[in-house]
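A.B. asks: Quick check, what structure comes out for this input:
(2 chains)
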Amino acid sequence: MEEKISYIGRMLSANSRECVISSLTPQQSIPAFGSMLRIPTGSGQPEIYGVVTDITLEEDGFLRQIASSAGISEEVIRDAQENRNVPIIIRMAFIGYMEEDRVLHLLPPRPPVTLTEIYPCTPGEICGFTRKLGYLRLLMNISNLPAGELLAIHLRNTARAHVQLGDNDWAQRAVAEVMDLYADAPNALIAVLGAIGDADIFE
Amino acid sequence: MDNNQIGYITGGSLKEGFIARLTVPPETVQEGSFVVVENGPRVFYGLVTNIKLCASDPAFTNSFTMARFPASIREQLAGRTLYTEVEIMPALMQNIGYSPESPEYDPFDAGVDPNPLPVKMVPPHHSPLRSAEACDVANIFGSPNDPKHFEIGSTREQGHPVAINMEKFVERSSGIFGSTGTGKSYLTRMILAGLIRSKLASALIFDMHNEYAFSTASVDSGSGGKQVPGLKQKLPDRVKVCALGRGNRINGMQPDFDLMIEYSDVTPADVQMLTRELNLRETTATTLFALERSFKEKWLRTFMEMKPGSEFGTVEEWADANNINVAAAESLQSKLNRLYHSDYMIEKTPHNVVSQIINALENGISVILSFGKYQTDLDYLLVANILTRKVRAEWERRSEEYFSGKGFSKPTPLVVAIEEAHKLLNREMASQTAFSLIAREMRKYSVTLLVIDQRPSQIDDEIMSQLGTRVSGWLGDELDIAAVLSGLSGRDSLRGMLSRLQPKQEVLLLGYGVPMPLPIRSRLYDIEFWNRLLKNDKKILDIPENIPDEEDDWMTN
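C.D. replies: Got it, this is the predicted structure:
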């Protein structure tokens, strides 16, 4: 019987702001863009939390052959999609860490060591970490990324977790926090709110 | 947050006033709202002088931008990016000490101010702003239950009663202004009723249009011409009515006495004052003073009895003898005919009515001089000026006696109320009438004016600047507004407030007699007004319980 693993991959590289993860999971099970992950570092080190900011599916020689060949059966394609472990690279931005049961919405003091296991957050962990909203500051400052898209999908996912645990007002508070964070950048705020509006986070 | 809080201070200065951001919808606050800024034990009282809709960025004021968002985001965004700022004209401040619930409460706090003071400092950022409560209004304007205070109206938003200190009101000359139809006459009636009730002064009221003494039909649209009671009917023991001319009834009612004017009462200065009404020439003054020189106080009678021709005792003979142009003298005689033959002019009055009026006034009884059928400006100007001159002279004499130790008591303060005041106090005539002297100098003799007018800009600037308390209804003309505000600080802020008063029932209190300017909703001159006034009166003066109420439901304004 195959051992069920709960972690989604191992860390390949990192700096103070983000890390790169090589995923083990099939394509259908990779964590969603904007979802929260955690890195339990153990041995008294803080547990680092982050958000998926990019996912790259890399090709190998065989996939290239399939893609460039004519007349490949549906069965072969589905087999490649479902059973073949293609290299999946996930980029995760750090949004805080937990130290001695205390949530700190700050960048971690140091990056985790390589090959550390990365886990998806449960609704309870999401709600525990996002109860306060200071981490949104780190999220909106991630560069080379459409901030509105990331915030919108992150708020949508996180709001659902809070609703699941009985907090129906979290989305309102989070949007208010976003408005405050963008107080000096009205055009950026309008763009971000446009994305949040499309995400139907209050549904 | 305090439940009554409506905003918080975000900036400002002593010169330009305080700026506060509202935390309530903009329509909650009006221009002229009486607001209080709290900072620990110190409170600042002020008036909202401007309300401004602001946005953290103009993009958020664009409704198309906002329409892109779902309603929940739109509302939240509007709440955070669109806001209302109010400008506050600080008027007074007071250290009232910490409340007994506060840990910093000190029952022996020596820093507590017994009275509000002019503002000399600014509250810090984020000091809470709230609407004034009844206790704040009473603290600043005085309790309406105090016999020396008269409840003139209420604050516009919360309806807290606002009183004026009648002692201060009569200390200096005052004015009631407002365009026609703004309820000036009713307001004047109420203030006079309050004044008479207070016993702080007696009033001599020149009632040109027979409105103040007895019932008159309301001219307000929708009132159906209902009868509005006069002061004599409601305060019979404190008011005497004097009618001009013999045997005249005022609105069908019998006056207490008739006023006749003796020829010898008329001085050349009185005639000069009527230059416009009698179409007199510039040379008239020379002729008039020659007449007075020749015939002393009997000049009018003697002159008017002169016959035409050139023999002895004719105008020509007198003019020649006194180096006066004959044509000018004859023309003057002709023009004075109108005055000389007025019904109320007489050689010698059987009773000294002026004395009766003075005695009544001295005894705290107010006198209303109703002009009855004599409704021309000539009648009004002449009689008002003559009577005022005599009364003023008497008050001056009594005051001098008192100050020199010959008199027993200081004369009762007297308020001379004049309607259509610009006719007597305009720039051309101000120096010639008895009223201008009262406005300028008679305060020390306990005589002040109550000027009632709809064209304050026509009144002499110096007299306007002497007016202490000013109560003004809506004024449309910029010059009138400027005149009412002349000599007051914060004119720029108050100008807009005055021009934006409701045409009826809203008045702005200004000047010496009120601690700070305040727009108010004036009381209605109705049954309730009199019932409350006379109920209070009964406590003080033992007036019978069964107040006659022959008119019902004549509420008007």
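A.B. asks: which parts of stretch A:196-203 are buried?
C.D. replies: Neighbour counts over stretch A:196-203 (16 or more other C-beta atoms under 10 Å in any protein chain shown) mark A:196, A:197, A:198, A:199, A:201, A:202 as buried. Bear in mind the C-beta positions are built from the backbone N, C-alpha and C, glycine included.
A.B. asks: Over to stretch B:157-174?
C.D. replies: In terms of neighbour count (16+ other C-beta under 10 Å), stretch B:157-174 has its buried residues at B:157, B:160-166, B:168-174.
A.B. asks: What mean pLDDT does that stretch get?
C.D. replies: The pLDDT scores in stretch B:157-174 average 91.
A.B. asks: in what helix or strand does residue 75 lie?
C.D. replies: I'll assume chain A. Taking DSSP states H and E as the criterion, residue A:75 maps to helix A:74-83.
A.B. asks: nope, chain B
C.D. replies: helix B:71-81.
A.B. asks: what sits up against that helix?
C.D. replies: A:172, A:175-176, A:179-180, A:183, A:186, A:193, A:196-197, A:202, B:55-57, B:60, B:66-67, B:69 (C-beta atoms under 8 Å, 6 or more residues apart in numbering or on different chains).
A.B. asks: Give me the mean pLDDT for it.
C.D. replies: 88.
A.B. asks: C-alpha coordinates for that helix, CSV please?
C.D. replies: Output of helix B:71-81 as CSV, limited to C-alpha atoms (Å, rounded to 0.1, in the frame of the first residue of the first chain):
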residue,chain,number,x,y,z
ALA,B,71,-22.5,46.9,-3.3
SER,B,72,-20.7,45.6,-0.2
ILE,B,73,-17.3,46.9,-1.5
ARG,B,74,-18.8,50.1,-2.8
GLU,B,75,-20.3,51.0,0.6
GLN,B,76,-17.1,50.1,2.4
LEU,B,77,-15.0,52.1,0.0
ALA,B,78,-17.3,55.1,0.2
GLY,B,79,-17.1,54.9,4.0
ARG,B,80,-13.3,55.0,3.9
THR,B,81,-12.5,57.3,1.0
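A.B. asks: Tell me which helix or strand comes right after that helix.
C.D. replies: Downstream of helix B:71-81 (by DSSP H and E), the next one is strand B:82-95.
A.B. asks: how far is that following strand from where the chain is centred?
C.D. replies: 28 Å (C-alpha atoms, centre = their mean, to the nearest Å).
A.B. asks: For that strand, name the packing helices and strands.
C.D. replies: strand B:5-13, strand B:17-22, strand B:34-39, strand B:42-55, strand B:117-118, helix B:491-499 (3 or more C-beta pairs under 8 Å, 6 or more residues apart in numbering or on different chains; DSSP states H and E).
A.B. asks: Please list all residues in contact with residue A:129.
C.D. replies: A:36, A:49, A:96, A:98, A:103, A:121, A:135.
A.B. asks: I meant residue A:132, not that one.
C.D. replies: A:103, A:105.
A.B. asks: Contact partners for residue A:97?
C.D. replies: A:46, A:47, A:48, A:49, A:104, A:106, A:108, A:109.
A.B. asks: Skipping adjacent residues, who's closest to residue B:348 in space?
C.D. replies: For residue B:348, ignoring the flanking residues on the chain, the nearest one in space by C-beta to C-beta, 6 or more residues apart in numbering or on different chains is residue B:262 at 6.2 Å.
A.B. asks: how much space is there between that neighbour and chain A?
C.D. replies: Relative to chain A, residue B:262 is positioned 82 Å away (criterion: C-beta to the nearest C-beta, to the nearest Å).
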